[in-house]
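Asks: Build me a model from this:
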Amino acid sequence: MKYLFFLFLLFLFNFGNAQSVQSPSGKIVLNFKLAANGQPSYAVSYKNKAVILESALGIKLKEKPALDANFEILTSKTSSFNESWKPVLGEQSSIVNHYNELIISLISKESKVKMNIIFRIFDEGVAFRYDFPKQAELNYFIISDEVTQFNLTENNKVFWIPGDFDSNEYEYNETKFSDIDNSKINMNNGIGVKSIPGKYMVQTPLMMKVPSGLYLNIFEAALVNYPVMHLNADVTNYKLKAELVPNAIGDKAYLQTPCVSPWRTIMISDDARDIVASKMILNLNEPSILEDTSWIKPMKYVGIWWEMHVGKSTWDYAGSQNATNFADAPKASGKHGATTENTKRYIDFAAKNGFDGVLVEGWNVGWEDWNGNWKEEVFDFTTPYPDFDIAALSAYAKEKKVKMIMHHETSGSVSNYERHLDRAFDLMKKYEYPAVKSGYVGKIIPRGEFHDGQTMVNHFNFVAKRAADYKLMVNSHESSRPTGYGRTYPNYIAAEAARGNEFNAWSVGNPPMHETILPFTRQLGGPMDYTPGIFEIKMSYYDKNKTEQVHTTLAKQLALYVTMYSPLQMAADLLENYEKYPDAFQFIKDVETDWDESKYLEAEPGDYITVARKTKGKETWFLGAITDENARKSEIKLDFLTKGKKYKAIIYEDAKDADWKNNPIAYQIKTIVVTSKSKINLNLAPGGGTAISFEPIQ
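Replies: Purely as a prediction, here's the structure:
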């Protein structure tokens, strides 16, 4: 009867100015409506209950009539699509892309401009975009605003960060929708460049929980040649409006027909696991355009990086570490981290412990004076410091069968980076570096542009495209957050684009719930280079006067390798700290980075996540479970394991007296034999976690 009811709805709304389309399962229904004044709008329901109330659609143009009313429908067309595709790297070896589609073709009665609105309805949620066909009435045009609304039904719980045009490196706020307020945020949070345009501006992905228990997530997909979409919240009426990041002169996007906007997405489920496991964002991106992807490989790496964050060494040759001391001929201080000798030590460690790569930051000249002053010509990305022998180190790494990872800090001077990009990539190919970690700390040059504007979105995508020409992989930091573009360019292997582990070393840090929220937000758009694996939790270990610390237990740092998906994973701590705890380090050595299958066993944003993953092409499994500041117990069924097989389970867990703040390094390891019929009791300390490896017994 329910199926017949939805069929009735489908036919009912296919007449006149109202249309309807439902998800393949029939649980989600989207209704499109053209009002008497020709204004387009949509509404969404889930299991016959309203989720998004009637919300306006449309685009405003600069110096042209707006495309937000006075429309009439030319045609409407429905279709279905169902495919399965294989990502180059991923959480699973095969992804199903199944949706029903509704295309509404509109024409403005005033300007005769044609615009299509394309809706795709998945079982996970709804997506829509604006499509501008080639036409005489519209060729070049400038978007001044996007009318798109998301009108909610209730005062939902919201996990939000400010709609900052320059940074997404904030800790999350968990409040009621009505309590969104950027003026209440502690801005002494370690973020260098902040550009928050309004009191009620928030970023996407915006994760929400309705009082009834329904989960919602508003985001975007396929961000190409367009600015990032933030959201302006009407906290009284529970409404959200799209706010596009402007360029230096206030315009939003420069376009030419034919063209499309990014997809605006709404994920919906009464099970939080469906949100965190969704591949809808990836499915809304174009398939890979790279014919040969054999060179795109997952990597586990160590690097000269954390030692600078904790003050053991410096990025710059002169040892000043303040990034604003100009020096024509800096002198060696003895504190420089990126030396030939130190790099060889990391290469030796990587080779001994089975790591794929070594990252070196601070290898190139310019680090004495690079940040905060809008200085354009800083790094040339090709000239090493005198104590870094790039040729000898590349040969040494090759002999040890270890790959080197290049670091390109741009200091926000994007114009300078693009001028040097091909020479920088030529150097990487010459010395056989397969991957680059790029950085965008500071205010953007061209001056006046924001990290999230159309210019920078195009830059981040361009670097991935140009790197693909050289068969190089890209890991961007301080970039706009990914929206699934890694499907189209799978060499865009990872990004930071959120508040990473580094903030724990020198700021107020990341609260224990932080890592339980990121999979519901930032990671929906692509893998995150979070840099887990810190064993010496408290910074007082390095300086007794320091009070900063990582806000997790050691066991949780291990679990993050499973819960925070990335095909590029760093063992971020100092080598000597791993040598102090070789039994715990064994899990980092063993854990994989590419998967055949992922099972989200438990999930609640802000509270906990438990996920099990099967190694690609192998019978081994790994499980990670993390919690927030509260201790947690649960029982996990192991029915994801292959029936009829026995497995050796090595369990890395919090000790009974472990606590993220008072006793973070307390852990214990035990080994048991299990099958698919077994159950395991998890006991997570406050801010804690559990990591388990399952190896089949021959």
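Asks: C-alpha only now, for contacts and for neighbours.
Replies: OK.
Asks: Met267 reaches Ile121, doesn't it?
Replies: No: Met267 is beyond contact range of Ile121, at 10.0 Å (criterion: Cα atoms under 8 Å).
Asks: neighbour-wise, which of these two wins?
Replies: Neighbour count, other Cα atoms under 10 Å: between Met267 and Ile121, Ile121 has more, with 27 against 23.
Asks: what ranges do the helices span in the stretch 551-698 of the chain?
Replies: All helices of the stretch 551-698 of the chain, identified by DSSP state H, counting those that start in this stretch, fall at 554-563, 575-580, 582-590.
Asks: Can you check which of those helices gets nearest to His407?
Replies: helix 575-580 (19.5 Å; Cα to Cα).
Asks: per-residue confidence averaged over that closest one?
Replies: The average pLDDT within helix 575-580 is 98.
Asks: What residues of it count as buried?
Replies: Leu575, Tyr578 (16 or more other Cα atoms under 10 Å).
Asks: Kindly report the same for stretch 100-115.
Replies: Buried residues in stretch 100-115 (16+ other Cα under 10 Å): Asn100, Glu101, Leu102, Ile103, Ile104, Ser105, Leu106, Ile107, Ser108, Val113, Lys114, Met115.
Asks: measure it end to end?
Replies: Using Cα to Cα, to the nearest Å, the end-to-end distance of stretch 100-115 comes out at 20 Å.
Asks: what's that stretch in contact with?
Replies: 20-24, 65, 67, 69-81, 116-122, 130-133, 135, 137-138 (Cα atoms under 8 Å, 6 or more residues apart in numbering).
Asks: So which of these sit within strands?
Replies: Mapping these onto strands (DSSP state E) picks out 20-22, 71-81, 116-121, 130-132.
Asks: Gln39 is in contact with Phe71, correct?
Replies: Yes: if you go by Cα under 8 Å, Phe71 and Gln39 touch, sitting 6.5 Å apart.
Asks: The two: which has the busier surroundings?
Replies: Counting neighbours by other Cα under 10 Å for Phe71 and for Gln39 shows that Phe71 has the greater number, 25 against 17.
Asks: and the more buried one, what pLDDT?
Replies: Phe71 is given a pLDDT of 98.
Asks: residues contacting it?
Replies: Leu34, Asn37, Gly38, Gln39, Pro40, Leu106, Ile107, Ser108, Lys109.
Asks: one more time with 6 Å, if that's ok
Replies: Neighbouring residues of Phe71 by Cα atoms under 6 Å, 6 or more residues apart in numbering: Gly38, Ile107, Ser108, Lys109.
Asks: can you check Ala572 too?
Replies: Thr531, Pro532, Gly533.
Asks: Just put those residues in a markdown table and tack on distance to Asp452 and secondary structure.
Replies: Formatted as a markdown table, these follow (distance: Cα to Cα, whole Å; DSSP: H, G, I helix; E, B strand; the rest coil):
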| residue | distance to Asp452 | secondary structure |
| --- | --- | --- |
| Thr531 | 23 | coil |
| Pro532 | 26 | coil |
| Gly533 | 29 | coil |
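Asks: Top of those residues by number of neighbours, please.
Replies: Neighbour counts for these, by other Cα under 10 Å, peak at Gly533, which reaches 26 neighbours.
Asks: what's that one in contact with, if anything?
Replies: Applying Cα under 6 Å, 6+ apart to Gly533 gives the contacts Gln557, Ala571, Ala572.
Asks: thinking again about what came up before, mind checking which of the ones in strands among the contacts of stretch 100-115 are buried?
Replies: By 16+ other Cα under 10 Å, those give 20-22, 71-73, 76, 78, 116-121, 130-132 as buried.
Asks: what comes into contact with stretch 52-63?
Replies: 40-44, 66-68, 142-152.
Asks: mind exporting it as CSV, just the C-alpha atoms?
Replies: Below are the C-alpha coordinates for stretch 52-63, written out as CSV (Å, rounded to 0.1, in the frame of the first residue of the first chain):
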residue,chain,number,x,y,z
ILE,A,52,12.8,20.3,4.6
LEU,A,53,9.9,22.7,4.4
GLU,A,54,9.2,24.6,1.2
SER,A,55,12.5,26.3,0.4
ALA,A,56,13.2,28.8,-2.4
LEU,A,57,15.6,28.1,-5.3
GLY,A,58,17.2,30.5,-7.7
ILE,A,59,20.3,32.6,-8.7
LYS,A,60,20.8,36.3,-8.8
LEU,A,61,23.0,37.8,-11.5
LYS,A,62,25.1,40.9,-11.6
GLU,A,63,23.7,43.6,-14.0
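Asks: Show me how far it is from its chain's centre.
Replies: 27 Å (Cα atoms, centre = their mean, to the nearest Å).
Asks: list the buried ones in it?
Replies: Ile52, Leu53, Glu54, Ser55, Ala56, Leu57, Gly58, Ile59, Lys60, Leu61.
Asks: again, but for stretch 655-673
Replies: So stretch 655-673, judged by 16+ other Cα under 10 Å, has buried residues Ala655, Ala658, Asp659, Trp660, Lys661, Asn663, Pro664, Ile665, Ala666, Tyr667, Gln668, Ile669.
Asks: The last one reaches Ala649, doesn't it?
Replies: What that stands for is Ile669. No: with contact defined as Cα atoms under 6 Å, Ile669 does not reach Ala649; the gap is 10.3 Å.
Asks: Secondary structure element holding Asn416?
Replies: Taking DSSP states H and E as the definition, Asn416 sits inside helix 414-430.
Asks: and the next element down the chain from that helix?
Replies: Downstream of helix 414-430 (by DSSP H and E), the next one is strand 435-439.
Asks: Give the partner strands of that following strand in its sheet and their orientations.
Replies: Next to strand 435-439 in the sheet, as set by DSSP bridges, lie strand 403-409 (parallel), strand 473-476 (parallel).
Asks: which residues sit against the shortest one?
Replies: Read that as strand 473-476. Ala435, Val436, Lys437, Ser438, Asn491, Tyr492, Ile493, Ala494, Ala495.
Asks: do the same with the longest one
Replies: The contact list for strand 403-409, computed with Cα under 6 Å, 6+ apart, reads Gly357, Val358, Leu359, Glu361, Tyr433, Ala435, Val436, Lys437, Ser438, Gly439.
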